[in-house]
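1. sequence unavailable; structure follows:
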């Protein structure tokens, strides 16, 4: 058997179709056809680490316009545990979310959160950041965990590295990521072909390679060879310079096939999103909009608006004029500042409503600009205002 | 001028009408006709200390069925300050609440929160619990503050005492409370008769008297003589035994006129609410349902349900079967437990939705039982289950 047979047999290439290619850049519009509904791309995914987008009801996330959220395998595996979620009917029923869920592999959290991480060819051993218990995960168990969660899009277990590791370490991480992706792909294909599994989620492979062009090239070739439904670029936005980010983003994306959805993990600021879309990326996720909200800051066309600032004390205007979110429709800057100063939950809640609405509208505008053939113009105008707005 | 003239002139007795008197108890149903709409009594008022019912949008509070909330003068006076709220168009516009707002006088918070309190005949001097600044408030300034907030129901400044103070201290607090109520009433009447004020909020006097029958009698007589639109019973539920609470509640309520709405401050557990309604009380407020929610406990017909308990780990049933709240319609006990364990904001939010819905439904049932002439039967049945449910 080879991979072409597989993709023909199970129709996984129906997952994604491109409707518009930008003429001036690699930007494109498309549709992801996922088990819980279709998604227009480029798409931003809000993060619900524990399967809850912090501060919002799932109904609110949906009302804002999102139908694909990210949730973290590492966190759910540790608490409440996969068996609990299975007994409750899978992750969608557990968290009462009718939309799509993408789960990461946990590889990044083991890298960034775990008290201890030891990688072998077999898998990764780590100590929980919650209670210090030791766990061992393999590409096969991580596939099974995400299958049991019922993830609409699941990620192959990978090894993420920091920007400052040695060439040797980067090479080893890259080699293991490929080996694990092969095993994850084999598990996923076996499950689909078993005839006994109802699981229909898509598996994405992850390209690593740190900040070495030859390693990125090799990793991209290896992962593409697996002919999986989608490909993610990992190991970016991990502390490198914006120039490095943009260079390796473009460099890596160029190695990926055009018919496959491309996902860059962990980006959520407008400048990075525009860079990713321009490079031909279709999907991204980040805690930035929701975490920023909880620190008391709003995303507005002029940039970052710090609501705790004294200048908003008497301000009866909304966060953003013309924004349709509940925070802007009902509440003033002065009131939101009061809530933040008084440490009232409603402050972060309202800013979360706003920032996610801002992101939903930004992506809508990006898609419209691609369709209208004026993406680069829109990017220039938007970022000029966003990055310099408060200085004018 | 005497008080009868005033009430005839400005029609303040249109504020309240009783529609049903229970035959077996002093319980009654009525309607409060407030500036921001009519309120069916007996009514429970959720507390929005900082003008936000913690964790909920104002739209949600309204959707649950509440159109009268309580907010704390003391807190708003200290932060953001009355001038800020005035510049933002008054408290209703500031917090975007179209319903009614009752504000307390701050007397209780000065008693329970302030770092320092000194009472003189003129007023009260206290130090802010936030930054230690010293303030002086008089019955006249407290009237003006609540007028400037635009309170639909405002309370006269009073002196609250703990259950263990000396007779002498209780007597002095009682005397000053009456003197201050007279001055508050004079301010309120002068404002109404000025011809230049658009303020239409009602002023309630507060009966004190600690746990001395003769002082309660004297205070009730003094406050009733002012012929204000409503009367509150203060100084109860401050640490005394349930027997003392019930005795002094009944004892004091019997001294109050029947045409005036009666309000007991700071009660919100079903047993105290039933006792208050039975004694003829029309209004009450308490942080209990919302604060309990934030500790991870739900109010259900069987009593208190602690959602963090391990027995709910796999439980796919809702908090309360048949409850129409969003928590019960969409989420399982297992999921809410997970949210609480993972310290996700959505846990307390969902429990706040539930507990306030529980309270709204309880009061609806109480009103229906009074109208149907079976209030005491309903009280017996409800409390039997509520107080013993989890032991069965």
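-> The structure has been received and is ready for your questions. Keep in mind it's a predicted model, so treat the numbers as computed, not measured.

2. mind listing the residues bridging to the residue sitting nearest the centre point of chain A?
-> Closest residue to the average C-alpha location of chain A: residue A:285 at 2.5 Å, with C-alpha atoms, centre = their mean. Legend: beta-bridge partners of residue A:285 under DSSP bridges are residue A:45.

3. what residues are up against residue A:24?
-> Neighbour list for residue A:24: A:373, A:375, A:376 [criterion: C-beta atoms under 8 Å, 6 or more residues apart in numbering or on different chains]. Every residue, glycine included, has its C-beta placed from N, CA and C.

4. now do it against chain B, distance only.
-> As judged by C-beta to the nearest C-beta, to the nearest Å, residue A:24 and chain B stand 42 Å apart.

5. and residue A:25, by the same measure?
-> Using C-beta to the nearest C-beta, residue A:25 is found at 39 Å from chain B.

6. check contacts around the residue nearest to that residue when sequence neighbours are not counted.
-> The shortest distance from residue A:25 to any non-neighbouring residue, by C-beta to C-beta, 6 or more residues apart in numbering or on different chains, is to residue A:278 (4.6 Å). For residue A:278, the contact set (C-beta under 8 Å, 6+ apart) comprises A:25, A:26, A:27, A:375, A:376, A:379.

7. how about those, which pair is most distant?
-> The two members of the contacts of residue A:278 with the most space between them (C-beta to C-beta) are A:26 and A:379, at 12.6 Å.

8. of these two, who's got more company?
-> The residue with more neighbours, out of residue A:26 and residue A:379, is residue A:379; 21 against 16, by other C-beta atoms under 10 Å in any protein chain shown.

9. which helix or strand contains the more buried one?
-> Under the criterion of DSSP states H and E, residue A:379 resides in helix A:375-388.

10. check the secondary structure at the residue nearest to residue A:25 for me.
-> helix (DSSP: H, G, I helix; E, B strand; the rest coil).

11. could you check the pLDDT of it?
-> Per-residue pLDDT puts residue A:278 at 98.

12. I'd say the residue nearest to the centre of chain A and residue A:108 touch.
-> No. Residue A:285 lies out of contact with residue A:108 (C-beta atoms under 8 Å); the separation is 11.0 Å.

13. which residues do those two both contact?
-> Common neighbours of residue A:285 and residue A:108 are listed as A:265, A:266 (criterion: C-beta under 8 Å, 6+ apart).

14. returning to what we had before: ok now the helix holding residue A:379, how far from the chain's centre?
-> Chain-centre distance of helix A:375-388: 23 Å, with C-alpha atoms, centre = their mean, to the nearest Å.

15. who are the packing partners of it?
-> Helix A:375-388 sits against helix A:270-279, strand A:303-306, helix A:346-371, with contacts defined as 3 or more C-beta pairs under 8 Å, 6 or more residues apart in numbering or on different chains; DSSP states H and E.

16. quick one: mean pLDDT for that helix?
-> In this model, helix A:375-388 has a mean pLDDT of 97.

17. report the buried residues of that helix.
-> With burial defined by 16 or more other C-beta atoms under 10 Å in any protein chain shown, the residues of helix A:375-388 counted as buried are A:375, A:376, A:378, A:379, A:382, A:386.

18. so which of those comes closest to residue A:164?
-> Ranked by distance to residue A:164 (C-beta to C-beta), those are led by residue A:386 at 29.7 Å.

19. if I pick that closest one, what's in contact with it?
-> So residue A:386 contacts A:270, A:271, A:301, A:302, A:303 (C-beta under 8 Å, 6+ apart).

20. and the pLDDT for residue A:107?
-> We have a pLDDT of 85 for residue A:107.

21. who in the stretch 1-150 of chain A is up against chain B?
-> Within the stretch 1-150 of chain A, the positions lying close to chain B (C-beta under 8 Å from any C-beta of the partner chain) are A:50-52, A:54-59, A:75, A:79-80, A:84, A:87-89, A:94-96.

22. my guess is residue A:253 meets residue A:261, correct?
-> No. Contact criterion C-beta under 8 Å: residue A:253 and residue A:261 do not qualify, at 11.8 Å.

23. more neighbours, those two?
-> More neighbours surround residue A:261 than the other of residue A:253 and residue A:261, with 26 against 20 (other C-beta under 10 Å).

24. residue A:31: neighbour count?
-> Using other C-beta under 10 Å, residue A:31 is surrounded by 17 other residues.

25. same thing with residue A:195?
-> Each residue near residue A:195 was counted by other C-beta under 10 Å, and the total is 5.

26. what do you get for residue A:197?
-> Residue A:197, neighbours per other C-beta under 10 Å, totals 11.

27. am I right that it is in a strand?
-> No. Going by three-state DSSP, the assignment for residue A:197 is coil, not a strand.

28. right, and it touches residue A:189 too?
-> No. Using C-beta under 8 Å, residue A:197 is not in contact with residue A:189; the gap is 11.1 Å.

29. which residues touch the closest residue to residue A:276 other than its chain neighbours?
-> Spatially, and ignoring its direct neighbours in sequence, residue A:276 is nearest to residue A:264 (5.1 Å; C-beta to C-beta, 6+ apart). With contact set as C-beta under 8 Å, 6+ apart, residue A:264 has these partners: A:232, A:233, A:236, A:237, A:249, A:276, A:281, A:283, A:284.

30. which of the residues you listed sits closest to chain B?
-> residue A:284 (23.0 Å; C-beta to the nearest C-beta).

31. dump the residue contacts of the closest one.
-> Neighbour list for residue A:284: A:42-45, A:263-268, A:272-273, A:276 [criterion: C-beta under 8 Å, 6+ apart].

32. for the helix or strand containing residue A:93, packing partners?
-> Residue A:93 is part of helix A:91-95, with elements assigned from DSSP H and E. With contacts defined as 3+ C-beta pairs under 8 Å, 6+ apart, helix A:91-95 has these neighbours: helix A:82-87, strand A:100-103, helix B:333-341.

33. hey, where'd the strands end up in the stretch 101-250 of chain A?
-> A:116-119, A:124-127, A:134-137, A:153-155, A:202-207, A:230-233 (DSSP state E, counting those that start in this stretch).

34. could you dump the ones you listed to a markdown table with distance to residue A:368, mean neighbour count and mean pLDDT?
-> Formatted as a markdown table, the strands of the stretch 101-250 of chain A follow (distance: least, C-beta to C-beta, whole Å; neighbours: other C-beta atoms under 10 Å in any protein chain shown; pLDDT from 0 to 100):
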| stretch | distance to residue A:368 | mean neighbour count | mean pLDDT |
| --- | --- | --- | --- |
| strand A:116-119 | 43 | 14 | 89 |
| strand A:124-127 | 42 | 20 | 93 |
| strand A:134-137 | 41 | 16 | 94 |
| strand A:153-155 | 24 | 28 | 98 |
| strand A:202-207 | 26 | 27 | 98 |
| strand A:230-233 | 24 | 27 | 98 |
